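*Asks:* Based on what follows, work out the 3D shape:
(2 chains)
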Protein chains: 2
Amino acid sequence: MTASSITPRPRAGTPADPATAWPGRRRRRADHDLKREAVIRTAARAFYEHGYHNTSLDDIARELGVSKPTVYYYVASKEQLLFECFRAGLEPIRAALAEVENSAGSSRDRLRRVITDYARAIASEYGWCMVRAEHQDLGPELSARVRALKSEIDQGIRRLLRQGIDDGTIQPCDPRITAFAIAGALNWIAHWYRAGQSMDAGQVAEAYVAVLENGLLPRGATGSKA
Amino acid sequence: MTASSITPRPRAGTPADPATAWPGRRRRRADHDLKREAVIRTAARAFYEHGYHNTSLDDIARELGVSKPTVYYYVASKEQLLFECFRAGLEPIRAALAEVENSAGSSRDRLRRVITDYARAIASEYGWCMVRAEHQDLGPELSARVRALKSEIDQGIRRLLRQGIDDGTIQPCDPRITAFAIAGALNWIAHWYRAGQSMDAGQVAEAYVAVLENGLLPRGATGSKA
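*Replies:* Residues are numbered from 1 along each chain as shown, chains lettered A, B, ... in the order given. Got it, this is the predicted structure:
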């Protein structure tokens, strides 16, 4: 038998994913993912309500009604749990940036889409962890990964700003400072927004788009120089 | 001798301040204030560099080259020290708000002044403590005072926004959301700004005024509805 006669094993995720042949296995995997997500979501709420330092894995296990070893089955440590909360919250923003990267439409419209999804992410239960996952709570490795993920978002927003200045749909500005100002305004949502109060996440996103796009000066007025 | 014949004792701070008669006493008071400020400033730097939880009063005493009891002479606890750092940073913003309260000029100009002083305060060494003094690090009393001080700033900015919408120098907007967006953008400076790098605090302030006043849309374009 030659090497070329061996049927290549399909990669996971392709239509011929071997897991599809074993529905039980697929179901177990989906079940595992769901339970892991529940652990992360519960941790995100607990960190937000009581603070990272005041929350133990015991607290999270108790909240879920499971044993601490069960929590350890899904995450290696409290530190990793904080990182997973951070990553879960960031994922929709990364997805939005990736999606608009190659989409048609003006840079203004693409940036608006990213701002909208960013605002919604920060208004989610992961917002607190996304914003307050302090570097000193994470060891050097996870801390470096947080910085890399944050930098990816930051660079993506700067790129959209530069493209918008080029295609004339964004006001000429310093892309670095403007990206910081946008991120800061949006990240702050985690400090004041509470789900279930007067605005839902979509309304918050819409209001922020209006503020960031319009600026403080009346639209007829001459703006300040960047 | 009737009560009216008693020469009233001048209040401290008036030209006839009794302390002026004892230069040594005045000097001692000034000396006390200077030393207390040095303790607060050193703590602000240490909290920023190593995190609040990772900094002890021993570390701060060592940094100052004094004993721990000397630090206790100026502040009652590490918690109070965090609060004093917060208050020291907030003071120039409160002063700016108070000063523009009764000043002439458009609301736009007065808001610009407050944004400028706010940006400078966050770019100062107190910025980190101002932004990250978490409620869970402070007991209920100091936590309530932090919230009251923050609320005072927030209400002051909302008031300026409302006045600006009324006098036509500010774009119609939701004052609450807009005040949050302004504070968020400015507070975020503490996360990325490092003194002694490419921009000084004044340049940061100027850049933020431009971003916040102009908004993202080109100044000729029709803005989004608030």
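
*Asks:* what are the ranges of the helices in chain A?
*Replies:* Counting by DSSP state H, one finds helices in chain A at the ranges A:23-50, A:57-64, A:68-74, A:78-101, A:107-122, A:127-132, A:140-167, A:175-187, A:189-192, A:201-214.

*Asks:* Of all those, which one is nearest chain B?
*Replies:* Of all the helices of chain A, helix A:175-187 sits nearest to chain B, with 2.4 Å by Cβ to the nearest Cβ. In short, each C-beta sits where N, CA and C put it, glycine included.

*Asks:* Would you mind listing the buried residues in that closest one?
*Replies:* The neighbour-count check on helix A:175-187 (16 or more other Cβ atoms under 10 Å in any protein chain shown) flags A:175-187 as buried.

*Asks:* Need the max-distance pair from these.
*Replies:* Maximum pairwise distance among the buried residues of helix A:175-187 (Cβ to Cβ): 17.9 Å, between A:P175 and A:N187.

*Asks:* The spatially most central residue of chain A - nearest residue in space that isn't next to it in sequence?
*Replies:* What sits nearest the mean C-alpha location of chain A, by Cα atoms, centre = their mean, is A:L90, with 1.2 Å. Counting by Cβ to Cβ, 6 or more residues apart in numbering or on different chains, the nearest residue to A:L90 once its immediate chain neighbours are dropped is A:L149, at 5.6 Å.

*Asks:* and A:G168, what is it in contact with?
*Replies:* B:P218 (Cβ atoms under 8 Å, 6 or more residues apart in numbering or on different chains).

*Asks:* per-residue pLDDT, it?
*Replies:* Predicted confidence (pLDDT) for A:G168: 94.

*Asks:* which stretches of chain A have low pLDDT?
*Replies:* Applying pLDDT under 70 to chain A picks out residues A:1-23, A:134-136, A:221-226.

*Asks:* Try it again at 90.
*Replies:* In the predicted model, chain A carries pLDDT under 90 at residues A:1-33, A:48-54, A:101-105, A:128-140, A:143, A:191, A:194-198, A:219-226.

*Asks:* so which of the buried residues of helix A:175-187 also contact chain B?
*Replies:* A:177-178, A:180-187 (Cβ under 8 Å from any Cβ of the partner chain).

*Asks:* Go through these and name the one nearest A:A38.
*Replies:* Nearest to A:A38 among those is A:N187, at 25.5 Å by Cβ to Cβ.

*Asks:* Quick check, the closest one in contact with A:V131.
*Replies:* Yes. With contacts counted by Cβ atoms under 8 Å, A:N187 reaches A:V131, the gap being 4.7 Å.

*Asks:* got any residues that touch both of these two?
*Replies:* With Cβ under 8 Å, 6+ apart as the test, A:N187 and A:V131 both reach A:I122.

*Asks:* and A:E79, what does it touch?
*Replies:* Counting by Cβ under 8 Å, 6+ apart, A:E79 has contacts A:137-139, A:142.

*Asks:* ok, A:L34 - contacts?
*Replies:* For A:L34, the contact set (Cβ under 8 Å, 6+ apart) is empty.

*Asks:* A:L161: neighbouring residues, count only.
*Replies:* 24 (other Cβ atoms under 10 Å in any protein chain shown).

*Asks:* What of A:K68?
*Replies:* 14.

*Asks:* Then A:Q197?
*Replies:* Based on other Cβ under 10 Å, the number of other residues close to A:Q197 is 8.

*Asks:* same deal with A:A104?
*Replies:* 7.

*Asks:* Over to the one 3 residues further on?
*Replies:* For A:S107, the count of nearby residues is 21 (other Cβ under 10 Å).

*Asks:* and it, what does it touch?
*Replies:* By Cβ under 8 Å, 6+ apart, the neighbours of A:S107 are A:160-161, A:163-164, A:166-167, A:169-170.

*Asks:* Which ones, among the residues you listed, also lie beside chain B?
*Replies:* A:161, A:164, A:169-170.

*Asks:* Just flag the most distant two among these.
*Replies:* So, the ones next to chain B among the contacts of A:S107 by Cβ to Cβ: farthest apart are A:L161 and A:T169, at 10.4 Å.

*Asks:* and of the contacts of A:E79, the nearest to chain B?
*Replies:* A:D137 (8.1 Å).

*Asks:* For the closest one, give me its contacts.
*Replies:* A:52-53, A:79, A:82.

*Asks:* Of all pairs in these, which one is the farthest apart?
*Replies:* A:H53 and A:E79 (11.8 Å).

*Asks:* For the closest residue to A:H53 other than its chain neighbours, grab the count of nearby residues.
*Replies:* Counting by Cβ to Cβ, 6+ apart, the nearest residue to A:H53 once its immediate chain neighbours are dropped is B:H53, at 6.3 Å. Using other Cβ under 10 Å, the number of residues around B:H53 comes to 15.

*Asks:* Over to A:R25?
*Replies:* By other Cβ under 10 Å, the residues close to A:R25 number 12.

*Asks:* Repeat that for the one 10 residues further on.
*Replies:* As a burial measure, A:K35 scores 15 neighbours (other Cβ under 10 Å).

*Asks:* Skipping adjacent residues, who's closest to it in space?
*Replies:* A:Y74 (6.6 Å).

*Asks:* before we move on, the earlier item: residues touching the residue nearest to A:L90, list them.
*Replies:* The contact partners of A:L149, taken as Cβ under 8 Å, 6+ apart, are A:86-87, A:90, A:94.

*Asks:* For these, which entry has the maximal number of neighbours?
*Replies:* Going by other Cβ under 10 Å, A:F86 tops the contacts of A:L149 with 24 neighbours.

*Asks:* ok, so what distance separates that one from A:K68?
*Replies:* Relative to A:K68, A:F86 is positioned 22 Å away (Cβ to Cβ, to the nearest Å).

*Asks:* picking up where we left off before, make a markdown table from the buried residues of helix A:175-187 and add distance to A:N214 to it.
*Replies:* Compiled in a markdown table, these are given as follows (distance: Cβ to Cβ, whole Å):
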| residue | distance to A:N214 |
| --- | --- |
| A:P175 | 19 |
| A:R176 | 22 |
| A:I177 | 18 |
| A:T178 | 14 |
| A:A179 | 18 |
| A:F180 | 19 |
| A:A181 | 14 |
| A:I182 | 14 |
| A:A183 | 18 |
| A:G184 | 17 |
| A:A185 | 13 |
| A:L186 | 16 |
| A:N187 | 20 |
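
*Asks:* Which single one of these is nearest to B:D200?
*Replies:* Nearest member of the buried residues of helix A:175-187 to B:D200, counting by Cβ to Cβ, is A:I177, at 13.5 Å.
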